[in-house]
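> 3D model of this:
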Amino acid sequence: MKFVKPLLFAATLLATALAQADVNVGVTVSATGPAASLGIPEKNTIALLPTTVAGQKINYIVLDDASDTTQAVSNTRKLISESKVDVIIGSSTTPNALAMTDVAAEAKTPVITLAASSRIIEPQDDKKRWIFKVPQNDGMMALAVAEHMAANNIKTVGFVGFSDAYGEGWFEEFTKAAAIYKLQIVANERFSRSDTSVTGQALKLMAAKPDAVLVAGSGTPAALPEKTLKERGYGGKIYQTHGVANSDFLRVGGKDVEGTILPSGPVLVAAQLPDSNPVKKSGLAYINAYETMYGKGTVATFGGHAWDAGHMVAAALPAALKKAQPGTPEFRAALRDSLEQVKEMAGAHGVFNTSPADHLGLDQRARVMVTIKDGAWKYLPPSP
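Sure thing, here's the model as predicted:
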C-alpha cells in the first residue's frame, strides 16, 4: 500500500499536466518580400485572434517565409517538429501553400491556408484532406468578373497574369467563365511577381485591341501591368482579381488604377453594404478590431482571411477537445475532422459551412464587386 499513494499522486500530476496542455497554432506568412502587402496585415491580425477557447489556452507561433516557397516549407517543418503545433495557418501565396501540402500531410497536421487558388484543396485526395482554405476560390471570383463584363457589353478580353500557380489557376478558371458568358480571350500574357518592367506584355495586349484587360496578380506587383497599360494609352476597362484588395495597391497604383473593377470579399466595403447583407455585421467586427489596434484606414482584406482562419480554428476546437488532448496525433486528427463540420460561421469574408467534400465552405455571400473611385474602394450594387 505504501506505493499506492505515490502512484496515485503521480497519476494525478500527469492528468493535470495533460488537461492544461495548450493548443499551439503555427503561422507562416509572407511578411517580407514581394507578397508583403498580403503578409503584413495577416501577421498583424494574429494578435487579434482568440487566446482562450473552451477554457483552453491558445498559443500562436508566427514565422515569416519572406514570400519564398523554400522558406515556407522550412517554416512548416520547423513549426511541426520544434513547436509541436496542432494546426498551421498560412501561407500567403498559392505557390507557398501548394509547397507546404506534402509536409503537412506527411505529419498529419491540418493547415488552413490564406492563399486563393482552388488547386490548393481540389481535387480532394489523401494529402489535400489535411488542407483547408479561407479565401474565396478563384473560380467563384472569375465568374463574378465575367458576369460583370458581359453585363457591360465587353466582348473581347486580354489576360495578363503571374507566371506561377496563381496566374495559371486564374487563366484556367477565367477561360471557363468566359465561355459561359461568350467572352473572347484575344491575348494571354504572363509576368513575374518580381518584374520591374512589363512593357513587352503591355504592347502585345494593346495590339490585340481588347475591350478589357484582366490582370491576374496579387498585392502591389499587380499594379505594374495596369500602370504600364495606362502609360501606353490603353483606354479600355481594366479588371483585377481579389488579390489586390488592400490600401498598398491603391498607394502604389495611384491615379493609374482609378476606375479599376474587381471582385472582393464583403469586408473591403463592409460599411457600404446594405444592412440586409449577412456579412456586414461580422465584416465590421473585424474592421473595428483591426483599426482599434492599428489605426483608421489600415484594414486589408488579406488580414480578414487570417481572422477567418483563426475563428475557424476556434469553432472547431470544442469538438476536438472532447476527443483528445492537444499536442497529440489524435488531437490533430480530431481537429481536422472538426474543421470539416464548421457551420454558419460568419467571418470577415463570408459565412462558412464546411464539409468533407468542401474544405472552403463559402457561397455567393462571400463576394461583391467593387471599383476604385477617388483613390478609395466603392461598392458596386448588383445590376437590377
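> Which stretches in this structure count as helices?
Along the chain, the stretches classed as helices by DSSP state H are 4-19, 36-46, 69-81, 94-106, 138-151, 165-180, 199-207, 223-231, 247-253, 280-294, 301-321, 329-339.
> Can you redo the ones you listed as a markdown table, where the extra columns are mean pLDDT, mean neighbour count and distance to residue 159?
For every residue, glycine as well, the C-beta is placed using N, CA and C. Output for the helices of the chain, formatted as a markdown table (pLDDT from 0 to 100; neighbours: other CB atoms under 10 Å; distance: least, CB to CB, whole Å):
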| stretch | mean pLDDT | mean neighbour count | distance to residue 159 |
| --- | --- | --- | --- |
| helix 4-19 | 51 | 10 | 54 |
| helix 36-46 | 96 | 25 | 22 |
| helix 69-81 | 98 | 19 | 24 |
| helix 94-106 | 97 | 22 | 17 |
| helix 138-151 | 96 | 22 | 11 |
| helix 165-180 | 96 | 20 | 6 |
| helix 199-207 | 97 | 17 | 8 |
| helix 223-231 | 97 | 21 | 10 |
| helix 247-253 | 93 | 19 | 19 |
| helix 280-294 | 97 | 18 | 30 |
| helix 301-321 | 97 | 25 | 22 |
| helix 329-339 | 98 | 19 | 34 |
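> wait, which of those is closest to residue 28?
Closest to residue 28 of the helices of the chain is helix 69-81 (CB to CB; 4.0 Å).
> for the closest one, packing partners?
Judged by 3 or more CB pairs under 8 Å, 6 or more residues apart in numbering; DSSP states H and E, the packing partners of helix 69-81 are strand 23-29, strand 56-64, strand 87-90, helix 94-106.
> Of all those, which one is nearest residue 157?
Set against residue 157 and scored by CB to CB, the helices and strands packed on helix 69-81 come closest in helix 94-106, at 21.7 Å.
> Out of the helices of the chain, flag the one nearest residue 62.
Checking the helices of the chain against residue 62 by CB to CB gives helix 36-46 as the closest, at 5.6 Å.
> quick one on the thing from earlier: distance to residue 331 for the helices and strands packed on helix 69-81 - can I get that in a markdown table?
As requested, the helices and strands packed on helix 69-81 are exported to a markdown table (distance: least, CB to CB, whole Å):
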| stretch | distance to residue 331 |
| --- | --- |
| strand 23-29 | 8 |
| strand 56-64 | 11 |
| strand 87-90 | 10 |
| helix 94-106 | 15 |
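> so which of those comes closest to residue 316?
The nearest among those, by CB to CB, is strand 87-90 at 8.5 Å.
> So in that sheet, which strands flank that closest one, and in what orientation?
Strand 87-90 pairs in its sheet with strand 23-29 (parallel), strand 111-113 (parallel), by DSSP bridges.
> Good, wrapping up.
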